[in-house]
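# could you work out the structure for the sequence below:
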Amino acid sequence: MLDIKFVRQDPEAVKENIKKKFQDDKLPLVDEVIAFDAKFRAAKTRCDELRALRNKRSKEIGGLMAKGEKEQAEQAKAEVKAMADEMAQLEADEKVFAEEVRSRMMVIPQIIDPSVPIGKDDSENVELERFGEPVVPDYEIPYHVDIMERFDGIDLDAARRTSGNGFYYLKGDIARLHSSILSYARDFMIDRGFTYYIPPFMIHGDVVKGVMSFKEMENMMYKIEGEDLYLIGTSEHSMIGKFIDTINDAATLPQTLTSYSPCFRKEVGAHGIEERGVYRIHQFEKQEMVVVCEPAESPMWYDKLWQNTVDFFRSLDIPVRTLECCSGDLADLKVKSCDVEAWSPRQQKYFEVGSCSNLGDAQARRLAIRVRSKENPKELYFAHTLNNTVVAPPRMLIAFLENNLQADGTVAIPKALQPYMGGKEKLTPKA
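Numbering: from 1, shown residues only. From the prediction side, this is the model:
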């Protein structure tokens, strides 16, 4: 959510930003915000004036009564009542106008960073850098479910019977591999100085509205019927929510956190749920990283976060690349974002395995996450928040299995992961 002062002072910059995101249907919102904001401030000003007049007139009543000027006192009482009635209406109007402003401000997108490439959708995202040599072996790389089935490691049919499409049973070596990758990711981030968390897996509606846009909320979140609770789509939601309505001393920043959670997503939209596979599903697990920091430090942390993911995947012998999200592919709360994509030898192309985002003060403004200045303890300002995926199996399993599959059908276990796999150097198929 933008600063209302900025919208008042430079509405054309706000409109230009909307155009860069190809959301021209939102352009009228800017003028509507300014109009309702003017009404709100006019009502507030008039209410403040009346309050001062009422207080002054109320004090005069006692004096008039003491002088025996009853008629004038009664007239003053009538004036005070009329002022009180008008104030009550003005205060009601203030609430209405404030809500009209807020509801529109929640939809107007965050100002994007000047470095963000302009484009309509993800087809216009820009490749930044490649890490590791993408290899296409001279033997066949089967579909990831077929690889898992060779190890008797997945049961989609049983999951369909219990839960429907978009769910899975992992078992045996594949299930162990899944858990080992998450354990390794946890320790990888702890070794980089991040504090490990296991957060709540359900959050209140006010937190949901604070961490994401309405469109994302509608397409992602599962609501618990009859309760003000939602299943999280990523641990970022509850980790950022942890700071709601807080004032943080500048000396305590940055807060660098890494969190494990299951994730639940409707996956409403053009992509849909896969009937056979574990790339786009309703339930998965993820290791996340979250940073709450000083505004001036968020660009530096953004670069650190995506580099962490690149380093993690390279430690498991998986080639990756970074892809900068263009303006039209940025969610409304994001200032800047890039995807980390892993190489798929089977498809001979890269696919998304993580996303790094700098949200500026958007989430902090919605959730009232404030910082107390070191220089002036009376000064408060909004923090910046960032998040990034460390790893999200089972999607990451696709990249792992394809890139570590050997010609004889075994899967090599990179050295970094071997301690988490009981010292195994390879997995041997059962069929």
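# so how far is Pro114 from the residue nearest to Glu124 when sequence neighbours are not counted?
In space, and not counting its chain neighbours, Glu124 is closest to Cys326: 4.6 Å by C-beta to C-beta, 6 or more residues apart in numbering. C-beta here means a position set from N, CA and C on the backbone, and glycine is covered the same way. Going from Cys326 to Pro114 by C-beta to C-beta, to the nearest Å gives 13 Å.
# of the two, give the one with the bigger neighbour count.
When Cys326 and Pro114 are compared for neighbours, Cys326 comes out ahead with 23 against 6, by other C-beta atoms under 10 Å.
# contact partners for the more buried one?
The contact partners of Cys326, taken as C-beta atoms under 8 Å, 6 or more residues apart in numbering, are 116-122, 124-126.
# closest to Thr234 out of these?
Comparing the contacts of Cys326 against Thr234 with C-beta to C-beta places Asp122 closest, at 18.7 Å.
# how many residues are close by the closest one?
Asp122, neighbours per other C-beta under 10 Å, totals 13.
# so it sits against Ser327, correct?
No - the pair Asp122 / Ser327 is not scored as a contact, 11.3 Å apart, by C-beta atoms under 8 Å.
# name the SS class of the residue of the chain most remote from its centre, please.
Within the chain, Gly68 marks the point farthest from the mean C-alpha position, 67.7 Å out by C-alpha atoms, centre = their mean. State at Gly68, reduced to three classes by DSSP: H, G, I helix; E, B strand; the rest coil: coil.
# how close does it sit to Glu60?
Applying C-beta to C-beta, the value for Gly68 to Glu60 is 14 Å.
# part of a helix, is Pro299?
Yes - Pro299 sits within a helix when classified using three-state DSSP.
# look up the closest residue to it, ignoring the ones flanking it.
Once flanking residues are discounted, Pro299 sits nearest to Asn358: 7.1 Å by C-beta to C-beta, 6+ apart.
# residues near the one you found, how many?
Asn358 has 25 nearby residues by other C-beta under 10 Å.
# how about it, what does it touch?
Residues near Asn358 by C-beta under 8 Å, 6+ apart: 113, 298-299, 301-302, 334-337, 384, 386.
# let's have those in TSV, adding pLDDT and distance to Phe97.
Shown next, in TSV, are these (pLDDT from 0 to 100; distance: C-beta to C-beta, whole Å):
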residue	pLDDT	distance to Phe97
Asp113	97	32
Ser298	98	32
Pro299	97	36
Trp301	98	37
Tyr302	98	36
Lys334	97	29
Val335	97	28
Lys336	98	33
Ser337	98	34
His384	98	29
Leu386	98	34
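# could you dump the residues you listed into JSON lines with secondary structure and distance to Asp228 added?
What follows is those, written out as JSON lines (DSSP: H, G, I helix; E, B strand; the rest coil; distance: C-beta to C-beta, whole Å):
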{"residue": "Asp113", "secondary structure": "coil", "distance to Asp228": "34"}
{"residue": "Ser298", "secondary structure": "helix", "distance to Asp228": "31"}
{"residue": "Pro299", "secondary structure": "helix", "distance to Asp228": "36"}
{"residue": "Trp301", "secondary structure": "helix", "distance to Asp228": "32"}
{"residue": "Tyr302", "secondary structure": "helix", "distance to Asp228": "33"}
{"residue": "Lys334", "secondary structure": "coil", "distance to Asp228": "26"}
{"residue": "Val335", "secondary structure": "coil", "distance to Asp228": "29"}
{"residue": "Lys336", "secondary structure": "strand", "distance to Asp228": "32"}
{"residue": "Ser337", "secondary structure": "strand", "distance to Asp228": "29"}
{"residue": "His384", "secondary structure": "strand", "distance to Asp228": "28"}
{"residue": "Leu386", "secondary structure": "strand", "distance to Asp228": "27"}
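# can you point out the buried residues in stretch 4-17?
For stretch 4-17, burial by neighbour count (16 or more other C-beta atoms under 10 Å) applies to 4, 7, 14-15, 17.
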